[in-house]
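Colleague: Let me see the structure of the following:
(chains A, B, C and D)
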Protein chains: 4
Amino acid sequence: MSLTRIAIINITGYIGAEVARILFRHPRVQIVSVTGRSEAGKRLGSVLPHLAPLDLMIEPGPAEADLVFSALPHKASAEALAPLVAKGVKVIDLSADFRLKEAGLYQQWYDHAHPAPELLQKAVYGIPELHRAEVAGAQLVANPGCYPTSAILGLAPAVKAGLVGRDIIVDSKSGVSGAGRALTLTTHYAEVNENVAAYALGGHRHLPEIVQELQALRGQEKLAITFVPHLIPMTRGILSSCYAPLAEGKLAAGPQGAEQLRQVYRDFYQGETFVKVVDVPPQTKQAWGSNLCLIYPTIDQRTGRVVVISCIDNLVKGGAGQAVQNMNLMLGFPEATGLEGLPVYP
Amino acid sequence: MSLTRIAIINITGYIGAEVARILFRHPRVQIVSVTGRSEAGKRLGSVLPHLAPLDLMIEPGPAEADLVFSALPHKASAEALAPLVAKGVKVIDLSADFRLKEAGLYQQWYDHAHPAPELLQKAVYGIPELHRAEVAGAQLVANPGCYPTSAILGLAPAVKAGLVGRDIIVDSKSGVSGAGRALTLTTHYAEVNENVAAYALGGHRHLPEIVQELQALRGQEKLAITFVPHLIPMTRGILSSCYAPLAEGKLAAGPQGAEQLRQVYRDFYQGETFVKVVDVPPQTKQAWGSNLCLIYPTIDQRTGRVVVISCIDNLVKGGAGQAVQNMNLMLGFPEATGLEGLPVYP
Amino acid sequence: MSLTRIAIINITGYIGAEVARILFRHPRVQIVSVTGRSEAGKRLGSVLPHLAPLDLMIEPGPAEADLVFSALPHKASAEALAPLVAKGVKVIDLSADFRLKEAGLYQQWYDHAHPAPELLQKAVYGIPELHRAEVAGAQLVANPGCYPTSAILGLAPAVKAGLVGRDIIVDSKSGVSGAGRALTLTTHYAEVNENVAAYALGGHRHLPEIVQELQALRGQEKLAITFVPHLIPMTRGILSSCYAPLAEGKLAAGPQGAEQLRQVYRDFYQGETFVKVVDVPPQTKQAWGSNLCLIYPTIDQRTGRVVVISCIDNLVKGGAGQAVQNMNLMLGFPEATGLEGLPVYP
Amino acid sequence: MSLTRIAIINITGYIGAEVARILFRHPRVQIVSVTGRSEAGKRLGSVLPHLAPLDLMIEPGPAEADLVFSALPHKASAEALAPLVAKGVKVIDLSADFRLKEAGLYQQWYDHAHPAPELLQKAVYGIPELHRAEVAGAQLVANPGCYPTSAILGLAPAVKAGLVGRDIIVDSKSGVSGAGRALTLTTHYAEVNENVAAYALGGHRHLPEIVQELQALRGQEKLAITFVPHLIPMTRGILSSCYAPLAEGKLAAGPQGAEQLRQVYRDFYQGETFVKVVDVPPQTKQAWGSNLCLIYPTIDQRTGRVVVISCIDNLVKGGAGQAVQNMNLMLGFPEATGLEGLPVYP
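Modeller: As a prediction, the model looks like this:
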């Protein structure tokens, strides 16, 4: 069986490198070309030693491939991908460029006009657990943000079933790798270590993704979502704590209601390989290095409030792993191919 | 000027040791005796090398002193302090034993009858910024929990002024030293590192403290508070993110309302040495090793929700530092004596 | 093709769990039984959530298997394995029980008589790069200690070729997972974080392994090895810095000598899948989660001293990964089966 | 009593900021001016929030002061200080510019001609425990490097007494703050966390300092020192492990010799406030945030090798604290003024 040819644009960031790491063990594809902006012309292994076994050069632009991942920053990514889409190449965009359906909303959050608005309706928002069929048929997949993946998966069953009211709070805690490999004081070791910080209190760019997807599940009633991300002194992992008032009259009172809630979640994610509804509160380490999303829904009995804890590895299910999951769907491979590894513990 | 004689019961935990570290530089007191349960008979410096300059033996029980700190676990603490209170000694209890005003509530949360319920009304809840005069006149001070300190200080101005509705969520992130020096898998290095976990989703023992103090500020209207603590891979620090709906008609719309909110906070804490209302979101590192509490109140304009970020060092303002602040008040010293040090950075 | 049946004794420590994690992705074996002492009777996934997909019960003793891994502590391990060896089962012992060839030396370092001294000569010290053929033919393999793996692989080429004198210093830095999952103050989070400590200055139990293997490579001339381990605030990884005087007259002066040294190393490890001689000083992260050992030999030109930096993941090449590598040899599988994954970065 | 006026040039790095933090609590001095290059014109508290209570503006150049600290990088520091020295101002240079006595050696290691070679003989190398009287009389003090402080203090007694041979190895492990606040991939959080690396194997700029000071203590016999620094995932702390052969016939055989060695160290540092010879191997946390240097000398009985473990906080005794200690001597204050705080634990 011939291998599908893959190119990765901008492999030199953490997300691009993680796509390569995962695909190295994928039996059905071959990475034929990788690009990087400032590092073009160097051997991949000299820039990212763990990828030395791929034995590739970093090139200025991608070679011909059957499917292309882009890990470029927003704007640059749409500009690089638009010509490939025009040529009929399948693409998965790990930037934010094709996640929002409305070009105006994109402009409002990203401070520039969308480089390829005509492709927005063509793009599929790549959470397979919500959009499996569309992803399978897509030519252009917008890989979700890391925070939105944890929040949307954590809230989707309750929001869709109308078990919660419209007032939703998502308090997310993320490891630092989500901020990427570019140097900033915010990600300087001595600043991050022994420190926790809230940020983007005026509004984080991942908020409109969360709103778009949850609102679509909810229908008419307008959700009011507050999302506050926090930076945590660790490399990988996101834990989102989601709070919402219980809708009246939907669930039994007391512990029985909490069990009903969990059953709604179990039913929603039944048969899913990567999303697990768990019986005790999960920890990010239990997903570390894997494509899992672990979800624990419960009810604060004193206040009648739904609390959902959702954990992922921000670089895997929150990035490269979900991208490979999308790739598998787009190419007709079994969805978990290349993603079979267990979380790394401890 | 003669020095006031201080004893510390159970110095061998993190909180007791931190009281000693702070008092070492206090010009008006002298630590005359320290106790520890399993380590009695050893030199303090052999058990806790950083305290070697105190040049003390760990004794089985406290010597005569003018003021006694207890860092014993709950129940043991009340049992050890009751006889001292009876003798007229001033005491500061760092355990939870005298924080709740109702013995029944205590029993509900701590699973045993209160060892000295007759002292509960005598005890003053030791947040000086809320109860300064009572602390100054108290013989028995209940030093607050670390989480409650951050949450209560963060919410007090808004709750008291009626700027927020009754639905309050406190999402707290804590370093691991708050769990103490006793060995558990939860605080084992390889389990904590690269991990974030929510815990006590069924109800944390610090919740009733938070409710008691905020409810007292609010008056009749019953608050509905959800409190979820999280364990973060760092040693010191608590950041509490507090969420509550804006009460209608109290503040102007838009950014102006947020500025009004900050002004309410500034007024509330005007003249305070240790509580600072800051203009940009604070980080726990900015309070590290100091008695500061840094508070940033703002409004999520999209949802009309108040968001307050509150940062402390859990062992200082959240424990030993606040205890020394209380001691200063009880002994008539300037409130900041011994607590002048700046946060340690980076 | 039928799968080889594997049992893991004492899966509940970090090493045992890591064997299971690696074997989960091994195409030629099946874990048929796992044991744990205090946790027997529980589902594996309730004790170690990342291993839930194995879908096994923790049993009190191992079921019949073709090959058994023991991750028991020393003494208990030999006692558990001796009957299995007698029955002809292939075993890999991850404890120290069968590493030293002399029962007297074992007793000196481990403070008790060896439980099965008659098996010591039967056991093969399982560093495949040094003892590949013996491992392939062995029934009983003693899996090396984590520190010895890094030190022996780092020094073997120079010691064997006589390029260094007899005075050798190994200064090793290890992540905390090497100390295991048992609770101690030494591995308590708040004690380890922001801390570095040297330990076992009177002699670490891994020293005699290092001496035994390097001395065997050297022949008659008696080596004088000082080994000092250090505990570092991280979970996984060992970096050993090895120092030895350059033997006179063996290498050219100046940079050319350093290049000759590197060539000796490259030749020694030519064709090895897991040991890589690298051209710039390696970091433990470059081996993280993989079975790699990265070695950088050089010469301090000012003093004519050989310096070798050797990096591994202490739980993989320093433990479970090397054990699986040994298993592959013992069962006639390709040596890298199940160990193909790249290091996890960042 | 009037306060001595202090200026700090380049306060915006970690060392400059730490000088300010320590001096904030110093009863005899007042910081009258602070400078920073890119941040001039901003309030100090907006750039470094923990220093807000100093209530100062960052200025482009220093105001008139009685003593000036420079935390500029090398070259820039000598250029800024030379005019001040000419005007008779007392200065303490935290850069490397005045540490080496020979301008040629400086040029060899720093790749440019020395900006003020005429001042080299005037400068005193500021380790008070070795050069107390010279520091007290100095106008220009070169504050030692962090690594050299730990290594020189750790080896001085043995080297001076001739207890060790000439072959010395210093293997140092440092927290990341030593690399400063400037952004580099080497100090990017996700690169440092869960990682240990050796660096500067071709020769670190702190080596010639170590050689200069130890050679001066030794006299004629030429020392052969190998120094290898390592970067550790923590913010503060240096642990240096020093290895040297025992000189023949100087100490008794066996444990008695080790005790004699410790006694030589105790005698050497008798009466010192900040250097402590300890009876069990120290850890960097035991010096964290304080000006202590903890030293444990012992003998590896199997090989007859001296091993010394030396621990400091790299930013305090290895930088700002030692600078303040030097300032106290230069200004005739008690040497420990402002440095009385105990280490922060945990």
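Colleague: A:Thr12 looks like it's in a helix, true?
Modeller: No. With DSSP: H, G, I helix; E, B strand; the rest coil as the criterion, A:Thr12 is coil rather than part of a helix.
Colleague: Between the two ends of stretch A:250-261, how far is it?
Modeller: One end of stretch A:250-261 to the other measures 10 Å (C-alpha to C-alpha, to the nearest Å).
Colleague: Name the residues of that stretch that are buried.
Modeller: A:251, A:257-258, A:261 (16 or more other C-beta atoms under 10 Å in any protein chain shown). (Glycine included, C-beta is placed from N, CA and C.)
Colleague: go on, stretch A:309-323?
Modeller: A:309-323.
Colleague: Please apply the same query to stretch A:81-96.
Modeller: A:81-82, A:84-85, A:89-96.
Colleague: Stretch A:278-294 too?
Modeller: For stretch A:278-294, by 16+ other C-beta under 10 Å, it's A:278, A:281-294.
Colleague: now, which of those sits nearest C:Ala133?
Modeller: Nearest to C:Ala133 out of the buried residues of stretch A:278-294 is A:Gly289 (C-beta to C-beta; 34.4 Å).
Colleague: gap between the closest one and D:Lys276?
Modeller: 43 Å (C-beta to C-beta, to the nearest Å).
Colleague: Just the buried residues of stretch A:309-323: which are in helices?
Modeller: A:321-323 (DSSP state H).
Colleague: thought A:Met77 was touching A:Ser70?
Modeller: If you look again at residue A:77, you'll see it is Ser, not Met. Yes. Under the contact definition of C-beta atoms under 8 Å, A:Ser77 touches A:Ser70, with a separation of 4.7 Å.
Colleague: Give me the neighbour count for the closest residue to chain D within the stretch 1-150 of chain A.
Modeller: Closest approach of the stretch 1-150 of chain A to chain D (C-beta to the nearest C-beta) occurs at A:Tyr14, with a separation of 6.9 Å. Using other C-beta atoms under 10 Å in any protein chain shown, A:Tyr14 has 24 other residues around it.
Colleague: how much space is there between it and A:Pro343?
Modeller: For A:Tyr14 relative to A:Pro343 (C-beta to C-beta), the value is 18 Å.
Colleague: Enumerate the residues of the stretch 201-346 of chain A near chain C.
Modeller: Where proximity means C-beta under 8 Å from any C-beta of the partner chain, the interface of the stretch 201-346 of chain A facing chain C comprises A:235, A:278, A:282, A:285-286, A:289-290, A:340-346.
Colleague: Now with 7 Å, please.
Modeller: Counting by C-beta under 7 Å from any C-beta of the partner chain, the residues of the stretch 201-346 of chain A close to chain C are A:235, A:286, A:289, A:340-346.
Colleague: Now, of the residues you listed, which are buried?
Modeller: A:235, A:286, A:289, A:341-346.
Colleague: Pick the one among the residues you listed closest to chain B.
Modeller: Taking C-beta to the nearest C-beta as the measure, chain B lies nearest A:Pro346 of those, at 3.9 Å.
Colleague: what sits against the closest one?
Modeller: A:285, B:190-191, C:14, C:177, C:235 (C-beta atoms under 7 Å, 6 or more residues apart in numbering or on different chains).
Colleague: how many other residues sit next to the single nearest residue of the stretch 1-150 of chain A relative to chain C?
Modeller: Proximity of the stretch 1-150 of chain A to chain C (C-beta to the nearest C-beta) peaks at A:His50, 4.1 Å away. Neighbourhood size, A:His50 [other C-beta under 10 Å]: 24.
Colleague: so it makes contact with C:Leu342?
Modeller: Yes. Here A:His50 reaches C:Leu342: they are 5.3 Å apart, a contact under C-beta atoms under 7 Å.
Colleague: Could you name every residue contacting both of those two?
Modeller: Applying C-beta under 7 Å, 6+ apart, one finds that A:His50 and C:Leu342 are jointly contacted by A:Arg21.
Colleague: and the two most separated of the buried ones among the residues of the stretch 201-346 of chain A next to chain C?
Modeller: That would be A:Thr235 and A:Leu342, which, of these, are the farthest apart (C-beta to C-beta) at 18.4 Å.
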